[in-house]
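1. predicted model follows, preceded by the sequence.
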Amino acid sequence: MIGDGGSVPDGEVDGLGERELLDLYRSLILLRKYDERSLVYHRQGRIGTYAIFWGHEAMQAGAAHALADEDWIFPAYRESAIGLLRGIPVSTVLSWWRGHPAGWWNPADYNVASICVPIGTQVPHAAGFAWGKKLKGEPTVALVFFGDGATSEGSFHEGATFAGVMRAPLVLFCNNNQWAISTPLSAQTAAPTLADKAIGYGMPGVRVDGTDVLAVYEATREAVERARAGDGPTFVEAVTYRAMPHATADDPSPYIDPERVEEAKRNECVGRYEGYLRRLGVLTEAQVDEVKDWALELMREGIQQAEAEPEPDVSLVFEHAYAEPWAALRADLAELRRILGG
């Protein structure tokens, strides 16, 4: 959909007017600012290990905008900020990364499930949820995000098989950045593409450019429409290249191709879409500055609110472990309080 401003012409997506195109841009900038500021936040020692998603914004925003308000999102850790597009406060997501109890939300308030850290386990969660909605006769669609590495996990196979057999209204969205930490895609599968795997689960597979937010939006919208019509799940493979480390604890220098990384940075998704909107004549320099200032201010406010949260009582670690706490658990809590000086 997004050309290069030269030999490759720009396309258009039916149903997206100027307002919708600019809303999509705001979402991309919000996600980009969140990721950039969170990386700084980590380097200042204010959060622990952080999973960087720079370059993945088109996949996240494009897919999220293709959903209706009643549809649900099941994110992995790479999509930790996806809830911002549904109204979850910045401070809440930052608190999640700080390990603070304020970093959790009621999923029903935003139709965004809890962030899933174990690889692939959100896939059967989403499949079961979608099937449940189908049994209730509700038109809700679920979309689950996962990486290329998750397709090697048993939980992915179980969830995809279940969704295919039950014809659950589910979109399985794979952000294929071609690395599972340091494991390349070639070591994940012998299939020509990950989308080819879909046939084994009885569903169509679609492969799309993950740096083209409009192409992502259109592919996801078609999958959502198919699911809502009762035709079952779709596997969407959005292809990009991971230009940043897997996380702040990762040193990718031993395994990456520096030239390929630089190419990915030059063609990153936010800049591509911004160029498209400028060529279309719907985005001005003043609007660019306004949106970036807005997103940066949201981040500043969110950081202040997250760090203003009172320190949680350590008893929260123990309170919900057992229905009836036993003596050794109480002794452990007392020991922890002693160690922490409280």
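-> Structure's in. What do you need?

2. quick check: next helix or strand after the helix or strand where Arg278 lies?
-> Here Arg278 sits within helix 269-280, counting by DSSP states H and E. Heading C-terminal from helix 269-280, the first helix or strand you meet, by DSSP H and E, is helix 285-307.

3. packing partners of that following helix?
-> helix 18-43, helix 90-98 (3 or more CB pairs under 8 Å, 6 or more residues apart in numbering; DSSP states H and E). The way it works is simple: take the backbone N, C-alpha and C, and place the C-beta from them, glycine included.

4. deepest-packed of the ones you listed, please.
-> helix 90-98 (a mean of 22; mean count of other CB atoms under 10 Å).

5. so which elements touch that helix?
-> For helix 90-98, the helices and strands in contact under the criterion 3+ CB pairs under 8 Å, 6+ apart are helix 18-43, helix 285-307.

6. tell me which of those lies nearest to Glu262.
-> Glu262 lies closest to helix 18-43 among the helices and strands packed on helix 90-98, at 18.4 Å (CB to CB).

7. tell me the mean pLDDT over the closest one?
-> Across helix 18-43, the average pLDDT comes to 97.

8. ok, stretch 191-210 next?
-> pLDDT averaged over stretch 191-210 gives 97.

9. how long is that stretch end to end?
-> 19 Å (CA to CA, to the nearest Å).

10. list the buried residues of it.
-> For stretch 191-210, the neighbour count (16 or more other CB atoms under 10 Å) marks 194-195, 197-198, 201, 203-210 as buried.

11. residues making contact with the helix holding Arg278?
-> Where contact means CB atoms under 8 Å, 6 or more residues apart in numbering, the residues beyond helix 269-280 that reach it are 2-3, 5, 10, 21-22, 24-25, 28-29, 32, 55-59, 210-214, 240, 283, 288.

12. do you know the pLDDT at the residue nearest to Tyr241 when sequence neighbours are not counted?
-> Spatial nearest neighbour of Tyr241, chain neighbours left out: Ala264 (4.1 Å); criterion: CB to CB, 6 or more residues apart in numbering. For Ala264, the pLDDT comes out at 96.

13. with Gly342 instead?
-> 64.

14. between which two of the buried residues of stretch 191-210 is the distance greatest?
-> Largest pairwise distance in those, by CB to CB, is 23.0 Å, between Tyr201 and Asp209.

15. contacts only, for Glu158.
-> 123-124.

16. tell me the SS of it?
-> Following DSSP: H, G, I helix; E, B strand; the rest coil, Glu158 is assigned to helix.

17. what sits against the residue lying closest to Ile82 once chain neighbours are set aside?
-> For Ile82, ignoring the flanking residues on the chain, the nearest one in space by CB to CB, 6+ apart is Pro75 at 4.8 Å. Going by CB under 8 Å, 6+ apart, Pro75 touches 82-83, 112-113, 115-116, 122, 145.

18. and the residues you listed, which of them are buried?
-> By neighbour count, with 16+ other CB under 10 Å, the contacts of Pro75 hold 82-83, 112-113, 115-116, 122, 145 as buried.
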